[in-house]
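> heads up, no residue letters with this:
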């Protein structure tokens, strides 16, 4: 399922870029929670767009329900970011943010949106910065989904490649695990790779 | 020269410029109309003088401003997960399920050095109303489907029960309750069917009338319950000694009738009758008693000895009478000496 879009040197640079964004994100997330937050060094892999659903099921590890956020970015650097959190991680993060046991779906969705907004904005902003590209973000959306219903959801079209970034966030004793999927077409992927080569 | 302010004042989006301390620097016409304020008098005031934000909303707003300023990118609230950020009057004139306007809010950095951001407010109330309506309809549909499925299940159970009851009633009406052999009603139906089929096909069939010899004495000496067990044993023997296509019926008491289909000559019936006589006379063990019974058989043949139920049965009975007269434990074909 895994593809190698990036050679080892390119992957190192990409990892470094994402790590810088993660550092910035962790500081904001820490402020958000009045707590120390640590984002682990990202694990990066690449897959073909046709394997997206299978990959989502794989990273969820037996969890039946999950939350998925979607956000498009348009402009000279364009694509779409998906974020996937299993039910446990989503609830754990919301509990930490609101400092209470939360059951309201709206609160959970709102917390996850705020978290993904920070990480997405930091990462895509960084990519844009190195590419010297212009991008605007569309309003994100969030849904709660079930693995068993995977075939019924609308398929995302217009992209060829997916960069998968494992985002593990440590706050207090909790480990919040999410996965970021950056969807790019072939042209954008080549653009990103050639820019990385020049760095 | 394009008048941008005129454009900004004509769009259906609320635009507001504030700083991290929530001081207002700019508000467009949309915002002023929906908040029912005079823009000129509002500039320089604090946002909290216009809205009462609860603690969670206020914290969240400040966090989003900080995110936008730190990352230099947009930060979003969505109506879908937050409903609203600013408690603004619902602009919908029809009865709404929402007290306040449902909003998508985007916060973008305006002047990072001055910690100023621009807040864009999109009225999503109609969309959210529609969504809530769809969700309600989906839930009602799911509920209706659940009820329908439960009803279908109940109907299926009732149908199965009815089929079982029908089977039971059919069995009670067509089979003998002691031996489970066909009763007179079913015998009559099968015989009529054989007559009809044989009339069109020209095929012959035989009627074997059996009566156990001296069964009354066995009943009187050993009791009716032993007698019943003997009848059950004899029934099983008759079923084993005949073809599945033949009909074995209990005609009453210790009398049995067997319809033997597709017979070419009387010789075949004689062979079957002899086989049955031998099979019945085999000793049986009932209640630790070794019992032997014998049978006499009268035979009639369609169409030679009759073409209707009564005639065929009557002539087989006459042959049975002749077999009994000849000393029992034997068979006789109507109008023929053995």
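Noted; the coordinates are in hand. This one's a predicted model, so the numbers in the text were calculated from it and none came from an experiment. Residues are numbered from 1 along each chain as shown, chains lettered A, B, ... in the order given.

> which residues sit against the lowest-mean-pLDDT helix or strand in chain B?
Within chain B, judged by mean pLDDT, DSSP states H and E, the helix or strand with the poorest mean is helix B:79-82; its value is a mean of 86. With contacts defined as CB atoms under 8 Å, 6 or more residues apart in numbering or on different chains, helix B:79-82 is touched by A:106, A:109-110, A:113, A:141-142, B:60, B:102-105, B:124-125, B:127-128, B:131. For every residue, glycine as well, the C-beta is placed using N, CA and C.

> can we see that at 10 Å?
Helix B:79-82 is touched from outside by A:69, A:105-114, A:139-143, B:56-57, B:60, B:76, B:85, B:98, B:101-105, B:122-125, B:127-128, B:131, with contacts defined as CB atoms under 10 Å, 6 or more residues apart in numbering or on different chains.

> Buried ones among those?
Of all the contacts of helix B:79-82 considered here, the ones buried according to neighbour count by 16 or more other CB atoms under 10 Å in any protein chain shown are A:69, A:107-114, A:139-142, B:57, B:60, B:76, B:85, B:101-105, B:122-125, B:128.

> Low-confidence stretches in the chain?
Answering for chain A, as no chain was given. Filtered on pLDDT under 70, chain A yields the residue ranges A:1.

> Sorry, I should have been clearer: chain B.
B:93, B:336-338.

> Mind doing that once more with 50?
Low-confidence regions of chain B, defined by pLDDT under 50, span residues B:337-338.

> So which residues on it come close to chain A?
Residues of chain B lying close to chain A by CB under 10 Å from any CB of the partner chain are B:56, B:59-60, B:62-64, B:66-68, B:70-83, B:104-108, B:120, B:122, B:124.

> What strand or helix carries the residue in the stretch 101-250 of chain B that chain A sits nearest to?
Shortest the stretch 101-250 of chain B-to-chain A distance, computed as CB to the nearest CB: residue-wise this is residue B:104, at 5.2 Å. Assigned by DSSP states H and E, residue B:104 belongs to strand B:103-111.

> In strands only, show me the contacts of helix B:79-82.
When these are checked against strands (DSSP state E), the matches are A:69, A:141-143, B:76, B:103-105, B:122-123.

> Make a markdown table from these and add distance to residue B:115 to it.
What follows is those, written out as a markdown table (distance: CB to CB, whole Å):
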| residue | distance to residue B:115 |
| --- | --- |
| A:69 | 27 |
| A:141 | 29 |
| A:142 | 28 |
| A:143 | 34 |
| B:76 | 19 |
| B:103 | 23 |
| B:104 | 23 |
| B:105 | 18 |
| B:122 | 24 |
| B:123 | 27 |
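
> who's the residue nearest to residue B:14 when sequence neighbours are not counted bridged to?
Nearest residue to residue B:14, sequence neighbours excluded (CB to CB, 6 or more residues apart in numbering or on different chains): residue B:121, at 3.3 Å. Taking DSSP bridges as the rule, residue B:121 bridges to residue B:14, residue B:105.

> What residues does residue B:121 make contact with?
Contacts for residue B:121 (CB under 10 Å, 6+ apart) come out as B:13-16, B:28, B:30-31, B:34, B:77, B:84-86, B:88, B:101, B:103-106.

> Equivalent analysis for residue B:253, please.
Under the criterion of CB under 10 Å, 6+ apart, the neighbours of residue B:253 are B:211-212, B:215-216, B:219, B:227, B:231.

> what are the ranges of the helices in chain A?
Using DSSP state H, the helices of chain A run over A:8-33, A:52-60, A:87-98, A:105-131, A:186-198.

> near chain B at all, the first one?
What it means is helix A:8-33. Yes: judged by CB under 10 Å from any CB, helix A:8-33 comes into contact with chain B through A:21, A:24-25, A:27-29, A:31-33.

> show me the contacts for the residue nearest to the spatial centre of chain A.
Within chain A, one residue has its C-alpha closest to the average C-alpha position: by CA atoms, centre = their mean, that is residue A:180, at 2.1 Å. Residues counted as contacts of residue A:180 (CB under 10 Å, 6+ apart) are A:18, A:42, A:44, A:69, A:81-84, A:116, A:119-120, A:123-124, A:163-167.

> How many residues are close by the nearest residue to it once chain neighbours are set aside?
Using CB to CB, 6+ apart and skipping the chain neighbours, the partner closest in space to residue A:180 is residue A:165 (4.3 Å). Residue neighbour count, defined by other CB atoms under 10 Å in any protein chain shown, stands at 22 for residue A:165.

> follow-up on the earlier one: which one, of the helices of chain A, ends up nearest to residue A:173?
The stretch from the helices of chain A with the least distance to residue A:173 (CB to CB) is helix A:87-98; that distance is 10.0 Å.

> buried set for the closest one?
Along helix A:87-98, these residues count as buried under the neighbour rule (16+ other CB under 10 Å): A:89-98.

> and these near chain B, which?
Counting by CB under 10 Å from any CB, the subset of the buried residues of helix A:87-98 that neighbours chain B consists of A:97-98.

> which one of the buried residues of helix A:87-98 is nearest chain B?
The closest of the buried residues of helix A:87-98 to chain B turns out to be residue A:98 (CB to the nearest CB; 7.4 Å).
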